[in-house]
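Visitor: No letters, just coordinates:
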């Protein structure tokens with residue numbers, strides 16, 4: 001009888017240990033999903049600002065139509081990639097697509113701001129200055145949100161990869177998460193906004 005009680009206690013301890021590992025994996029996964037939600041909020045704000053910025057610039061930059069269209073197209077592609085990544089931030093392919101789309105958007109915004117230097121009236125426009133300030137502030141918030149997301153992903157991946165957690169993570173479908181990093185070092189900097 002004592003042997004049965006000891007075996008039951010050992011079984012209960014092992015089950016509790018498994019439950020603890022599972023619950024901690026869920027907790028870490030939910031933390032990085034929440035961190036991505038913060039990026040999502042800021043990216044949506046950025047995407048909402050861009051059409052207004054292009055509209056103001058359009059009045060001054062009539063001969064730069066191709067650049068303005070490239071900004072809107074890059075914004076639309078980034079917005080689509082962001083929607084897919086927001087649905088499943090743990091999907092590495094969705095995150096890679098978002099990172100690529102964001103790099104393209106940052107590059108097209110950089111070209112827009114570089115061209116706007118040739119239009120002093122545009123630089124002096126009050127709406128353009130206000131939108132540029134809001135975009136600059138949003139870029140900073142995106143950078144902070146990315147950092148929080150990457151920290152949460154790193155904590156999740158570290159916990160997931162520890163032994164014996166890695167065994168249970170595989171059994172329960174906890175795949176590694178992808179950090180939100182920018183691959184091209186030239187694109188690492190936010191678009192320079194100066195009016």
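Guide: Ah, there it is. Everything quoted here is computed from the prediction, not taken from an experiment.

Visitor: how about the helices in this structure?
Guide: 2-60, 65-87, 92-116, 120-124, 126-161, 165-171 (DSSP state H).

Visitor: And the third one, what's buried?
Guide: Neighbour-count burial for helix 92-116, with 16 or more other C-beta atoms under 10 Å as criterion, is recorded at 94-113, 115-116. C-beta: built from backbone N, CA, C; applies to glycine.

Visitor: The shortest one too?
Guide: Buried residues in helix 120-124, counted by 16+ other C-beta under 10 Å: 122-123.

Visitor: So which elements touch it?
Guide: In terms of contact count using 3 or more C-beta pairs under 8 Å, 6 or more residues apart in numbering; DSSP states H and E, helix 120-124 is assigned the packing partners helix 2-60.

Visitor: same question, the first one
Guide: Applying 3+ C-beta pairs under 8 Å, 6+ apart, one finds that helix 2-60 contacts helix 65-87, helix 92-116, helix 120-124, helix 126-161, helix 165-171.

Visitor: weakest of those by average pLDDT?
Guide: Lowest mean pLDDT of these: helix 120-124, a mean of 77.

Visitor: contact partners of that one?
Guide: The list of residues contacting helix 120-124 from outside it, by C-beta atoms under 8 Å, 6 or more residues apart in numbering, reads 56-57, 60-61, 116-117, 128-129, 195.

Visitor: Can you say which of those are buried?
Guide: With neighbours counted using 16+ other C-beta under 10 Å, the contacts of helix 120-124 contain these buried positions: 56-57, 60-61, 116, 128-129, 195.

Visitor: Can you add distance to residue 161 and give those residues back as JSON lines?
Guide: Converted to JSON lines, the buried ones among the contacts of helix 120-124 look like this (distance: C-beta to C-beta, whole Å):
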{"residue": "56", "distance to residue 161": "48"}
{"residue": "57", "distance to residue 161": "47"}
{"residue": "60", "distance to residue 161": "53"}
{"residue": "61", "distance to residue 161": "50"}
{"residue": "116", "distance to residue 161": "46"}
{"residue": "128", "distance to residue 161": "48"}
{"residue": "129", "distance to residue 161": "48"}
{"residue": "195", "distance to residue 161": "46"}
